[in-house]
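Q: Just the structure for this:
(3 chains)
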Amino acid sequence: MIVHRSWHWIAAGLVLSLLAIVGVLFGTVRLRPGDVASAFTGSAAASTREIVLTLRAPRVLLAALVGAALGASGATLQATLRNVLAEPYLLGVSGGAAVGAVAGLVLRIPVALTPVAAFVGASVAVMLALGIAHGTRSASHADVRTMLMAGVVVGAFANAVIMIVLANVPLDTIRGALWWMMGSVGDASWRNVSWLAVYVAIGLIYLYWYGPEIDVLTLGEESAAALGVDVERTTRRIFLASALLAAASVAAAGLVGFVGLIVPHIVRSAGVSRLRPLLLGTAIVGAALVIGADLISRVALRPTELPLGAITAVLGVPFFLLQLRRAQ
Amino acid sequence: MPVLFFATPQRNVAPARLGRRVLVAFCACALALYGATACGGAERPSARTAVANVAAADEAASGLLDDFGQPIDLRRTPTRVISLNPTTTEIIYALGAQSRLIGRSHWDKWPAAAISKPDLGDGIRPNVEQLIAARPDLVILYATDSNRDAAARLAHADISTLSLRIDSVHDFDRATRMLGRVLGDSATGAIVADSVNRSLARVRVATQPLPHPTTVWRLADRPPMVVGGGSFMSELLEDAGARNLYAHLSQPSPVVAIEDVVIRNPDVVIIGGDMGASSTSLGAWNSVPAVTKGSVVSVSSDLVARPSVQMGAAAAALARALHPGLVLR
Amino acid sequence: MIQYRDVTVSYGKGAPDAVRNVSFTAERGAVTALVGPNGSGKSTLVRAMLRRVPLASGEICVDGARLGSMPRVEFARTVSVVTQREDTTFVRTVREYIELGRFPHRGHRGDDSAAVIHAAERAAVTTLLDRATDAISGGEWQRVRVARALAQGGEAILLDEPTAFLDVAHEMQMFEMLAALATSGIAVVLVSHQLNLVARFASSIVLLSRGSVVAAGAPEAMMRGDLLESVYGWPLVVTRDPAIGAPALVPLRRAH
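A: Residues are numbered from 1 along each chain as shown, chains lettered A, B, ... in the order given. Have a look, this model is predicted:
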C-alpha cells in the first residue's frame, strides 16, 4: 500500500536543516557554539570567522548542492532508463570526468582549473556514449540497453586511459589524482559554490519542466509514444541534463558514489512516485546524506580527513540492504 | 562501479536471505581488504630465507646490518656501484668516489655532474633486469617496503645490496659514515658527515638567541600535507630558528585539516620549492592568516627535496628568510 | 474514423515488406478486429499508427486528417493505443496511473480528476483507484490500462492483444466492456488471436496473411473453414455453436 504522508516532507526538511547546522558547528577544530554563532554576526575572533565562514559554511553548501544534484539525477535516470539500478555515473560521466581531471593534473594546468577539465572530460564521455548508442541503434529508436552498455564501455575505456596515464608520473601526481577520485568537498569556496548552484538550479528546473514526460516514459517507449511523447528527443534531452548535473557535481567534488543510486530508493519507498515531487525529495535527502557523510569524514579520524566517496559508499551499502529487506 | 555488483539479482532467493547473504559477503570483503592493507607491509618469508641463505654462504664477517636487516659485506670494495637515491648519489660524489658510480636513479640530479651518469629508472620498484644487465657489484636502495622485492631479486643474482633509510639528519649522518666504510674510505665518510653536522650547528647557534616564529611547512594542497616531526625538514626548521607547529606528529608528511592550521595560526607558512609563492595557487591555504598577510617564505626545492650534503646551506637559506637581517659566516 | 489506405511498411532494403497495401476502415460505434497468424503484420500496423515505423507508401488518416501531419499530442487526444506489453518497473496508485492518460491534455483547461473518475467508471475499476498497480490481478490490470486509454479522452481505441493472458471470465469481461464502449460511440480496433470471441463481438473483421489483407467483412462472411485454413495453414472446421448460434472455429488434430 503506497501512502504519501506530508509529515515525511517536514521530517526531511528538518533533518536537512539540522545536519547543515551540525556541519557548521562541528569539524576538525572544536569550537564553542556561541563562537560559531557570533561568527555569523561578525563579532567573533578572526580565526573563528575564517573557519566558520570561509571553510565550513561553503563546504556544507557545496555538499548540499552535490547531494541534491546526484539525487535528482539518479531519480531521473532510473525513471528514464526504467531501471532501479541506474545511477548518475552511468553514461560514462564518472570515467570521463576522472580522465579530464587526471589529464589536467598530469599536464600541470592550474589546480583551480581541474573542475573545468573534469567537466570537459565528462561532457566528451557522455557525447561519446550517446554517439555509440546512436550509431548502433536499430529500427530508428535508441534502445535503453544500448545506451547503458555504451556508457559502461566508455567508462571502462576511461579507467584504462587513467591507469596508463598514471603509470609513469611522479608520486605526488598520483596522490593528487587518487585524492580527487576519492571525492571531497574540501575545496569549497564561495566562488565554486556559486557556479555549482547555478548549474544545479538550471538542471533541476529543466528536469522539473520535463517531469510529466518522464513519468510517461516510465511506461515504456511504445506506451509513451502512444501518449504523445517524442520518445527519442525527450530521452536524449533528459539524459544530457542528468549527465550534466552529474558532471557538474563531479567537477566540484570528485567521485561521490552511491548517492544517486540509493537516495531515489529512499524517497520512492516513502511513497513518492511522480517525478516532480521525487525531484524535490531526492534533492533534500541527497543534500542531507552528503552533508552527513562530509561531517563524518571530517570528524571520524581527525585531523585526517577521510575521502567523501568512501563514506557515502559505506553508508550506502547498509542502507541499500535495509531497503531490500523492507521492500519485501 | 557499484552498479555491476548488483547487476544480477537472484529472483528465486527469498529477499531476507538475500539481504543477509549480501551483508555477509560485504563483511567478508571488508575484512579481506583490511587484512590486505594491514599485512601489506609484511615481508614475504620465502624472499627473506633466500637472501639469508645467500648471505650465509658468503660468510660475511662485518656483523653490520643494513636497514632491511641484511648483513653488509665489507670484505670486497665495490668498484661498480649503482645508487638509486638522490641522497646517496650525492654522498658518493662528496666522498670523491664518483668514478665507481655506474648508474643512478631518474630522480638523482645532484650534483649537476650526476646527470651524466646512466639513468636507470625509478628508485622505488626499480627495473631489476636493467640493474642486473649493468653488472654492478653493489646496488644502494632506499629502504622502503616497496623495495624489498628488488633487494631479494638482486641478492638471488649474487649482487650485494645496501638498503638505507634516510629520513632524518641522524639517518643522513649514519648513511654517510656507512657509505664511506663500504666504499673503503671511512675517513672521508667521517669528514663529510662531520662537515654537514658543523654547518648545521653553525646555523643553530646563530639563530638560538633570536625569537623563534611558529611555522607550518606546506608540502601539498589536495590533500593538505605538512612537514611533520619525522622529516629532516622539521630538523632544518628547528636549526633555522623556528618552531614547527606539527613537530609533535611522528610522520614525515602527515595530512592535516586546514581548519587545524587556521586555529594554530602560525606566524609563517613555508612553501617548499617548485610551486610559486603566489597565493592564487594555495587553494584552501588562503584561509590561513599568515598567507593572507603575505607572511610566506619560499625555499628552493633543490635545497630541500632530500637530505643532502647541502643541508647546512638549506638551513642557512631558511634562517635568512625567517630572520631578515641575519648574517651567517 | 480511422482509415488505413494502401499502407506499406518495410523493415529494410531487401527485406520483404512487413505489410503491403493494407487498407481498412474502422468506424465509430463499431468493433473492428485485425486477425491473422503470427507474423502477418498485425503488430506492425499498430506500430505504424504509433509512428514507430515509417510508411514506405500509403497513409493513415484519423477523421480525414493525415497521421504524418498531426502533432503527437493531438493524436494522443484523439486515438488511444493500448500496447501488448508495458513496463511495470515503477509502482504507483491506480489513480496516478490513469492520470498519466491525461498527459496529452497538459496545459489545457480541464478537470483531470473528474476525467480520471469518469474513465475509471467506464472501465469498472472505481474500487481499485487507491490500490497499488502491483497489488491487482492481471484481469484488473488490463481494465486499468483501458481506463487510462479512456482518460485520454479520444474517440478511438486501438488494443493489441488485450486478452492475451486472461482467463475465460476476464476475457469475456474485457470483450463485453469493449462492446459497451463501441456502443457508446467509440471506434474500437482490436488485434486478437481469439477468433471465436472476435466473431461474436466484432462487427467487421480484417484477415491478414503475410502482410496483406486476404479478406475483410462481417464475421458471418469471414468465418469460413476453407478461407481460414488456407491462411493459418492448419486443418480447421467452422461449426455453428448449438448454445448461442455463433460460428465457432475448431482446429483438427493432424497427428494420431
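Q: Quick check: closest non-adjacent residue to residue C:140.
A: Distance criterion Cβ to Cβ, 6 or more residues apart in numbering or on different chains; nearest residue to residue C:140, sequence neighbours excluded, is residue C:128 at 5.9 Å. No exception for glycine: its C-beta is placed from N, CA and C like everyone else's.
Q: Run through who's touching the longest helix anywhere in chain C.
A: Ranked by number of residues, the top helix in chain C under DSSP state H is helix C:168-183. Residues from elsewhere that reach helix C:168-183 (Cβ atoms under 8 Å, 6 or more residues apart in numbering or on different chains): C:29-31, C:122-124, C:138-139, C:142-143, C:146, C:150, C:157, C:159, C:162-163, C:166, C:188, C:190, C:194, C:197, C:200-201, C:203.
Q: so how far is residue C:50 from the residue most central in space within chain C?
A: The residue lying closest to the centre of chain C (Cα atoms, centre = their mean) is residue C:159, at 2.3 Å. Distance, residue C:159 to residue C:50, by Cβ to Cβ, to the nearest Å: 13 Å.
Q: Residues that sit against both of these two, list them.
A: residue C:81.
Q: Just to check, residue A:257 is in contact with residue A:311?
A: No - Residue A:257 sits out of contact with residue A:311 when judged by Cβ atoms under 8 Å, with a separation of 10.4 Å.
Q: For burial, what's the neighbour tally of the nearest residue to residue A:161 once chain neighbours are set aside?
A: Take residue A:161 and drop its neighbours on the chain: the residue closest to it by Cβ to Cβ, 6+ apart is residue A:99, 5.4 Å away. By other Cβ atoms under 10 Å in any protein chain shown, the residues close to residue A:99 number 26.
Q: Pull up the gap between residue A:99 and residue A:165, please.
A: For residue A:99, the distance to residue A:165 - Cβ to Cβ - is 8 Å.
Q: need the contact list for residue B:230.
A: Here residue B:230 is in contact with B:167, B:168, B:249, B:250, B:251, B:252 (Cβ under 8 Å, 6+ apart).
Q: I'd like to know which of these is nearest to chain A.
A: residue B:249 (8.9 Å; Cβ to the nearest Cβ).
Q: what residues are up against the closest residue to that closest one other than its chain neighbours?
A: Distances taken as Cβ to Cβ, 6+ apart place residue B:228 nearest to residue B:249, at 4.0 Å, with adjacent residues excluded. Going by Cβ under 8 Å, 6+ apart, residue B:228 touches B:234, B:246, B:247, B:249, B:250, B:251, B:252, B:253, B:254.
Q: Surely the first one touches residue B:242?
A: No - using Cβ under 8 Å, residue B:234 is not in contact with residue B:242, being 9.9 Å away.
Q: what about the two, which has more around it?
A: Per other Cβ under 10 Å, whichever of residue B:234 and residue B:242 has more neighbours is residue B:242, with 28 against 23.
Q: in the stretch 1-150 of chain B, which spans are strands?
A: Secondary structure of the stretch 1-150 of chain B (DSSP state E, counting those that start in this stretch): strands at B:81-83, B:101-104, B:138-142.
Q: Could you identify which of those is most buried?
A: Highest mean neighbour count among the strands of the stretch 1-150 of chain B (mean count of other Cβ atoms under 10 Å in any protein chain shown): strand B:81-83, with a mean of 29.
Q: from memory residue B:77 sits against residue B:184, does it?
A: Yes - using Cβ under 8 Å, residue B:77 is in contact with residue B:184, at 3.9 Å.
Q: Secondary structure of the residue nearest to residue A:161: a strand, I assume?
A: No - counting by DSSP: H, G, I helix; E, B strand; the rest coil, residue A:99 is located in no strand; its state is helix.
Q: List the buried residues of stretch B:253-269.
A: Residues of stretch B:253-269 classed as buried: B:253-263, B:265-269 (neighbour count, 16 or more other Cβ atoms under 10 Å in any protein chain shown).
Q: Just flag the most distant two among these.
A: B:255 and B:267 (22.4 Å; Cβ to Cβ).
Q: Can I take it that residue B:297 is in a strand?
A: Yes - Residue B:297: assigned to a strand according to three-state DSSP.
Q: Around chain A, pick out the residues from chain C.
A: When proximity is defined as Cβ under 8 Å from any Cβ of the partner chain, chain C approaches chain A at C:11, C:47, C:50-54, C:72-77, C:80-83, C:85-87, C:89-93, C:96, C:100-101, C:103-104, C:106, C:131-132, C:135, C:152.
Q: taking those one by one, which sit in strands?
A: C:80, C:81, C:82 (DSSP state E).
Q: tell me which of the residues you listed is nearest to residue A:117?
A: residue C:81 (47.3 Å).
Q: leaving aside the residues next to it on the chain, what's closest to the closest one?
A: That would be residue A:226: by Cβ to Cβ, 6+ apart, it lies 3.9 Å from residue C:81.
Q: And that neighbour, how far from residue A:216?
A: 9 Å.
Q: These two - which one has more neighbours?
A: More crowded of residue A:226 and residue A:216, by other Cβ under 10 Å: residue A:226, with 31 against 26.
Q: Correct me if wrong: the more buried one contacts residue C:73.
A: No - contact criterion Cβ under 8 Å: residue A:226 and residue C:73 do not qualify, at 11.4 Å.
Q: Wait, a helix at residue C:60?
A: No - counting by three-state DSSP, residue C:60 is not found in a helix; it is strand.
Q: need the contact list for the closest residue to chain C within the stretch 101-250 of chain B.
A: Nearest residue of the stretch 101-250 of chain B to chain C (Cβ to the nearest Cβ) works out as residue B:222 at 40.2 Å. Residues near residue B:222 by Cβ under 8 Å, 6+ apart: A:111, A:176, A:179, A:180, A:184, A:186, A:187, B:283.
Q: Which strand or helix spans it?
A: Under the criterion DSSP states H and E, no helix or strand holds residue B:222.
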